[in-house]
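K.L.:
No letters, just coordinates:
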């Protein structure tokens, strides 16, 4: 698919450019700003308010996510979120959730408001990213944070992956663009550019929530020795151009970028900017009123979409099980999902095999698909954050109350929700039939006997240290 060139090369490939292969990418790497897909926070937050100090982060100057474009887009989103037209749609989404079978469950009822507000913030950030004349890679589908002294609420939904930094933009087929990147080492375990026909959840119901039109991953990207690269985006074939993404000639295309951070304590998102290089005369920017109307339209589509999606693809299966592992399009690895429904004295024990993946991650969300708090609570874990079994597999425990297991998935004192497992950056021949080793529902009193003999347990103080270290590691993606 292409060759990365230094940003200073004025569109000419550096004679020192090199292919960023799967292993080399970890060493050379790349810097940073959707999935299936939004942020986590405490269940009791007020509508559209960022959580307290324990669940939000201050973004500092110098981060790859701190850009003028991001600052402007978040300011616009905050204005949109305050409009009457969007607030009225949020109330309709709450009613939609309340009428669903999940709405009468304790966990569903407790998280309805939070989930409705999170997906509405996601809709607003989608709307402001839809300007192909003035494109910006907008960071969203994330936890609450403080940006330039202003709070931004969670924007997560769709069981977003806490290991990902999600950014998106919109491009037009009658124009051409360049995406310029700069790596700060160590970069992400994988950088992935994806072209889609539309915003996920605004088209027909499908396992990937839309249609993929093209992709470019780090194993095909070429990077200059200084860590910089350029990706061209237009409707023409590559014709020898490195790092090229071909888009349809007609209409607009949704661009989604994922930085996969496997080691939160070290890896950095990629510094990215997008520029329109040529095209017809640009149109006037949309007003806040127009953007609010568009945000409302998006929200009116994606909220019922995800209710239908989860009802069809997850809740149709028995609780406390995993659906068959599937291979994702665009060489994005394997994935599986399920939902849990646990009594106070029950635990779900899941044993997974990495099968050679650079990144294996498991996470849990509320019944609507908004991630349970993941900044300073362990609602998600990957292989860097977990303790392995002697045979190289990983065993995780989901339970309402802390069982003292290091690899505990914390559901914020809720007894139900959904979970997702993702194997990413896989080698060519991975054994999909070995990916899930065991899933068992057991009584809490029998948990220790059901776990592998070398399972790591923690004290209350050790749990607090684990949570504190996790929060500091998460904040790095925004402050480095």
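P.N.:
The structure has been received and is ready for your questions. Since the structure is predicted, the reported quantities are computational estimates derived from the model, not experimental observations. Numbering: from 1, shown residues only.
K.L.:
Let me know how buried residue 146 is, in neighbour terms.
P.N.:
Per other CB atoms under 10 Å, the neighbour tally for residue 146 reads 16. C-beta coordinates here come from the backbone N, C-alpha and C atoms, glycine included.
K.L.:
Can you name the residues bridging to it?
P.N.:
residue 58, residue 151 (DSSP bridges).
K.L.:
hang on, it packs against residue 152?
P.N.:
Yes. Applying CB atoms under 8 Å, one finds residue 146 in contact with residue 152, separated by 7.4 Å.
K.L.:
Downstream of the helix ranked longest in the chain, the next helix or strand is which one?
P.N.:
Criterion DSSP state H: the longest helix present in the chain is helix 288-313. As assigned by DSSP states H and E, the chain's next helix or strand after helix 288-313 is strand 326-327.
K.L.:
who does that next one touch, helix- and strand-wise?
P.N.:
strand 334-341 (3 or more CB pairs under 8 Å, 6 or more residues apart in numbering; DSSP states H and E).
K.L.:
now the strand it packs on and helix 288-313, what's the angle there?
P.N.:
Angle of strand 334-341 versus helix 288-313, following axes from the mean of the first three to the mean of the last three CA atoms, to 10 degrees, is 80 degrees.
K.L.:
Show me the shaky parts of the stretch 101-250 of the chain.
P.N.:
148 (pLDDT under 70).
K.L.:
Remind me what the helix or strand where residue 465 lies packs against, helices and strands.
P.N.:
For residue 465, the element it lies in under DSSP H and E is helix 460-479. Helix 460-479 sits against strand 57-59, with contacts defined as 3+ CB pairs under 8 Å, 6+ apart.
K.L.:
Might you list the low-confidence residue ranges for the stretch 301-450 of the chain?
P.N.:
In the stretch 301-450 of the chain, no residues with pLDDT under 70.
K.L.:
ok, which stretches of it are strands?
P.N.:
326-327, 334-341, 346-352, 359-365, 380-382, 394-399, 408-409, 416-424, 436-443 (DSSP state E, counting those that start in this stretch).
K.L.:
show me the contacts for the residue lying closest to residue 326 once chain neighbours are set aside.
P.N.:
Leaving out its chain neighbours, the residue that sits closest to residue 326 by CB to CB, 6 or more residues apart in numbering is residue 335, at 6.3 Å. Residues near residue 335 by CB atoms under 8 Å, 6 or more residues apart in numbering: 325-326, 328, 420-423.
K.L.:
Kindly state the beta-bridge partners for residue 335.
P.N.:
residue 326, residue 422.
K.L.:
And it, how far from residue 89?
P.N.:
30 Å (CB to CB, to the nearest Å).
K.L.:
and what of residue 469?
P.N.:
Taking CB to CB, one finds residue 469 at 39 Å from residue 89.
K.L.:
These two: who's more crowded?
P.N.:
Higher neighbour count among residue 469 and residue 89: residue 89, with 22 against 14, using other CB under 10 Å.
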